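> coords please:
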Amino acid sequence: MARKILLGVLIVLILLLSSCYPELSVQQYDKLKEDLAELDVQHQELVNELVALEEEYATLKEKNAKTLTYVGFLVKLASTQSSERILTGEFDVESLVDLKDELMNYAENLGDNEIQYYLGLINRWNQSETVAAYYKVVEYCLKKMKQNLE
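Numbering: from 1, shown residues only. Model (predicted):
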């Protein structure tokens with residue numbers, strides 16, 4: 001008797017489970033297969049777009065890092081000029097010459113030989129050449145920053 005009850009319960013469970021999960025028709029199966037194929041194509045397109053965006057992001061990040069380095073260098077360069085002297089229309093050659101070695105190290109870190117060349121022209125006894133080199137470095141850094149931002 002216990003076997004009959006157990007068998008009856010199993011049959012009822014099987015019927016309940018089969019009614020919960022009806023079988024798919026061939027048309028439904030084909031439609032699901034097509035939908036999956038379409039989703040796979042869309043997924044691959046999105047993956048390709050993601051790869052392209054990641055490459056673009058890496059490029060922009062590198063350019064911005066380089067630009068930020070030039071900005072830091074310009075800040076260091078501009079800090080050589082005292083506000084009091086600028087307001088009186090004078091150029092502070094002494095401060096620029098005093099920080100020349102530090103600026104050269106910064107330029108070496110930039111890996112930019114042209115900046116190093118112009119910084120090499122800084123001379124305590126030749127004020128006009130020093131002023132010209134200072135502004136040439138500023139001009140060059142701004143040009144490089146503009147190139148990086150384009």
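> when you work out contacts or count neighbours from here on, use the C-alpha atoms and nothing else.
Fine.
> for burial, what's the neighbour tally of the residue nearest to Val138 when sequence neighbours are not counted?
Leaving aside its chain neighbours, Val138 sits nearest to Leu74 (6.8 Å; criterion: C-alpha to C-alpha, 6 or more residues apart in numbering). Leu74: 16 surrounding residues under other C-alpha atoms under 10 Å.
> excluding covalently adjacent residues, which one is nearest to Ile122?
The shortest distance from Ile122 to any non-neighbouring residue, by C-alpha to C-alpha, 6+ apart, is to Thr130 (4.5 Å).
> how about the residue nearest to Val138, phi and psi?
When read as degrees, to the nearest 10, the backbone of Leu74 gives phi -60, psi -40.
> could you do Thr80 as well?
phi -70, psi -20.
> that older thread, tell me, how many residues neighbour the residue nearest to Ile122?
The tally of other residues near Thr130 (other C-alpha under 10 Å) stands at 23.
> and the pLDDT at it?
Thr130 is assigned a predicted lDDT (pLDDT) of 88.
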